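Trainee: fold the stuff below for me.
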Amino acid sequence: MIVPARNLHSFSTGLAAGLVLAVCGAAHAASPTTAATAAPEVAGDHFEVVLERPLPADLRFASDVRWASDDAVWVAAGPRGVLEVPLGAGPVRRRLGAGGEPPDGLLLAASDGMVAAAVGFGPVSWARTSPPNTTGRSSPLATIVDFDLWQGRAVFLGARRGADGTWSPDGGILWTGSLANDFADVEALMYSESGARAEEMARCGILGLGAVRFFADGRYAIVPGVQPGAFLYAADGKLLHAWKTESLGFYDRCDLDWDEARPVKRDPRARIRWWRSHSTLDEVVPWGEWPALIVRRPRADGTSWQLVVLSDGGDGEPIDLPISSASTGSHLKADLRGDRLVVLVAEFGPPDEPPQEPPRLVVLQRAGRR
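Mentor: Model (predicted):
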């Protein structure tokens with residue numbers, strides 16, 4: 001059972017800048033079996049490109065990726081659904097779902113033979129990857145910024161509406177629910193620093209600022225994006241670590257007022273203009289015992305990315321990823337498998353315009369010290 005973490009932001013703001021501290025008090029102390037070990041060496045680490053594959057034109061809306069096997073990945077491609085794409089030469093292998101009906105969506109999660117996809121305005125669909133290929137669909141929230149799945153349980157970063165249509169009346173921005181219950185049992189884990197109505201999520205959710213990710217042992221990392229902080233929880237819901245994010249150099253809170261937010265919410269071109277002038281968090285992945293943040297860095301000729309590992313010693317030196325894009329509307333989604341990081345680079349631009357660059361898959365091998 002996950003323990004709701006009310007007023008978590010109030011806790012995080014008291015931490016020293018740039019440092020990570022274990023939560024004080026026996027109620028939140030990590031047990032010997034869950035306490036994190038020393039973080040992997042990161043100083044001097046780098047990645048090398050070992051494979052790069054452009055995706056076909058009909059997958060221009062590809063937007064998220066997970067490992068399916070050593071030589072294939074799942075790709076969320078909007079209305080095309082969730083597809084299995086080989087990393088080598090060859091066509092897309094198959095769609096998921098009974099009767100050829102795959103989950104459709106732009107956000108992706110995979111765990112224990114189940115693949116799930118979500119659309120930003122709330123619907124979540126899922127399919128089992130082996131017989132009997134059961135499928136399902138529900139709408140647990142009004143908006144979803146990111147989500148992940150582990151052993152039939154999901155965490156969602158987003159917000160819901162009340163029965164009367166009121167936006168997030170309880171202020172919840174992080175939720176958990178069970179696939180076995182079709183996510184009808186979602187409950188809030190974290191609340192907006194502004195209280196009821198979660199206006200930060202309402203104003204800035206469309207910008208995709210936050211991320212969540214499960215570890216293999218059920219721990220999960222959360223970066224809200226619309227308000228400061230990064231957090232690591234045990235599988236049972238105990239808060240293990242919290243980090244300040246102000247020193248990491250990415251946009252970590254929603255400070256847009258409604259006059260500024262409305263055009264960004266309505267117009268993809270306005271979003272690209274906003275992204276052009278702001279570093280943002282694109283992804284969080286497990287890095288050994290710790291979360292690693294992938295930060296998008298806009299530049300004059302496009303976009304580049306850095307990986308920053310968080311640990312009990314604070315945040316490490318950023319690792320420059322050997323990936324770039326000529327588009328300031330490009331974003332990166334990634335999944336780590338051993339020492340290989342699979343990356344999807346895709347442009348989140350206007351749907352009625354061809355992308356400046358087609359989406360592509362890149363596999364990076366962690367190569368250690370230079």
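Trainee: can you check the pLDDT for residue 23?
Mentor: Listed pLDDT for residue 23 reads 29.
Trainee: contacts only, for residue 169.
Mentor: Applying CB atoms under 8 Å, 6 or more residues apart in numbering to residue 169 gives the contacts 162, 196, 197. For glycine as for every other residue, the C-beta is placed from the backbone atoms N, C-alpha and C.
Trainee: now intersect these with the helices, please.
Mentor: Assignment to helices by DSSP state H places none of the contacts of residue 169 there.
Trainee: would you list the buried entries among those?
Mentor: Using 16 or more other CB atoms under 10 Å as the burial test, the contacts of residue 169 include residue 197 as buried.
Trainee: would you list the contacts of residue 169 in JSON lines and tack on distance to residue 225 and pLDDT?
Mentor: Below are the contacts of residue 169 laid out as JSON lines (distance: CB to CB, whole Å; pLDDT from 0 to 100):
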{"residue": "162", "distance to residue 225": "23", "pLDDT": "81"}
{"residue": "196", "distance to residue 225": "20", "pLDDT": "75"}
{"residue": "197", "distance to residue 225": "18", "pLDDT": "70"}
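Trainee: contacting residues for residue 109?
Mentor: Applying CB under 8 Å, 6+ apart, we find residue 109 in contact with 66, 115, 116, 117, 118, 147, 148, 149, 154.
Trainee: can you check residue 149 too?
Mentor: 109, 110, 111, 114, 116, 179, 214 are the contacts of residue 149 under CB under 8 Å, 6+ apart.
Trainee: now those as TSV including distance to residue 256 and secondary structure?
Mentor: Shown next, in TSV, are these (distance: CB to CB, whole Å; DSSP: H, G, I helix; E, B strand; the rest coil):
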residue	distance to residue 256	secondary structure
109	28	strand
110	33	strand
111	34	strand
114	36	strand
116	30	strand
179	34	helix
214	30	strand
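Trainee: most neighbours among those residues, which one?
Mentor: Each of those was scored for neighbours by other CB atoms under 10 Å, and residue 109 scores highest at 29 neighbours.
Trainee: pLDDT wise, what is that residue at?
Mentor: So residue 109 comes in at 96 (pLDDT).
Trainee: got the contact list for the residue nearest the centre of the chain?
Mentor: Centroid-nearest residue in the chain: residue 211, 3.3 Å away (criterion: CA atoms, centre = their mean). By CB under 8 Å, 6+ apart, residue 211 lies in contact with 146, 157, 222, 223, 225, 281, 282, 283, 284, 293.
Trainee: for residue 77, give me its contacts.
Mentor: By CB under 8 Å, 6+ apart, the contact list for residue 77 reads 59, 61, 62, 63, 83.
Trainee: ok, now with 7 Å
Mentor: Shown in contact with residue 77 (CB atoms under 7 Å, 6 or more residues apart in numbering): 59, 61, 62, 83.
Trainee: mind checking how far it is from residue 228?
Mentor: Per CB to CB, to the nearest Å, residue 77 is found 33 Å from residue 228.
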